[in-house]
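S.K.: Pasting a predicted model and its sequence here:
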Amino acid sequence: MRLKSLLLLTSLLPCATAQSGISVPALGYAYDPHLRAIRAIRGVPGAALVAEALDAGFDLAAAAVAPSQDFALALSTAGSPVRVISWLTSTPSIAVLPDAMNAPDGFVFSPSGNAAVLFDSQSGRIQVATLLPDSPIVREIQPAGSPSATAIAVADEGSVVLAGAD
């Protein structure tokens with residue numbers, strides 16, 4: 001019995017030395033409008049902290065983190081086009097979302113985050129971005145009827161639903 005325990009312990013010893021360090025678990029990311037930054041959420045459910053800010057390389061005016069928690073759509077305070085910030089690697093990558101409108105009012109992600117709707121409520125302009133975050137394609141949507149929508153949803157393949165007050 002003791003020999004089996006000793007063999008089990010010695011077989012698990014390489015696993016303990018292979019771990020380079022202990023770190024705090026990451027739950028995801030969230031946009032902090034007061035700091036105008038995307039911040040990491042560290043800890044475990046029920047005992048988590050909003051931690052350090054992710055360096056986006058520019059001042060954020062608004063951002064939305066994808067449901068997959070590995071990228072975000074963001075606007076700079078300078079009003080430039082929408083940017084995709086991805087943190088799949090150790091250093092975040094930033095790319096302009098091609099053909100996207102300047103300074104939309106907001107973003108709405110699909111359930112998986114593969115698609116997003118960008119909208120400007122004043123002009124009624126709506127765009128759909130699909131194949132996010134790696135190979136985005138942006139296309140214009142012409143709403144049927146009144147362009148003012150009180151709710152917008154998008155499916156993963158890019159089909160859009162608009163709901164109005166009437």
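M.R.: Perfect, I can see it now. Numbering: from 1, shown residues only.
S.K.: Return the distance of the closest residue to D105 other than its chain neighbours relative to S112.
M.R.: Nearest residue to D105, sequence neighbours excluded (Cβ to Cβ, 6 or more residues apart in numbering): S121, at 4.9 Å. For the C-beta atoms, the positions are set from N, CA and C on the backbone; glycine is no exception. Applying Cβ to Cβ, to the nearest Å, the value for S121 to S112 is 25 Å.
S.K.: Kindly report the same for Q142.
M.R.: Distance from Q142 to S112, by Cβ to Cβ: 25 Å.
S.K.: Same check on G124?
M.R.: Taken as Cβ to Cβ, the span from G124 to S112 is 27 Å.
S.K.: same thing with P45?
M.R.: Counting by Cβ to Cβ - P45 and S112 are separated by 21 Å.
S.K.: more neighbours, these two?
M.R.: The neighbour comparison of P45 against S112 (other Cβ atoms under 10 Å) goes to S112, with 12 against 7.
S.K.: need the next SSE after the helix or strand of the chain with the lowest mean pLDDT, C-terminal direction.
M.R.: Using mean pLDDT, DSSP states H and E, helix 2-18 stands out as the lowest-scoring helix or strand of the chain, at a mean of 60. With elements assigned by DSSP states H and E, the helix or strand that comes after helix 2-18 is strand 26-32.
S.K.: Now that next one: buried residues?
M.R.: Neighbour-count burial for strand 26-32 flags 27, 29-31 (criterion: 16 or more other Cβ atoms under 10 Å).
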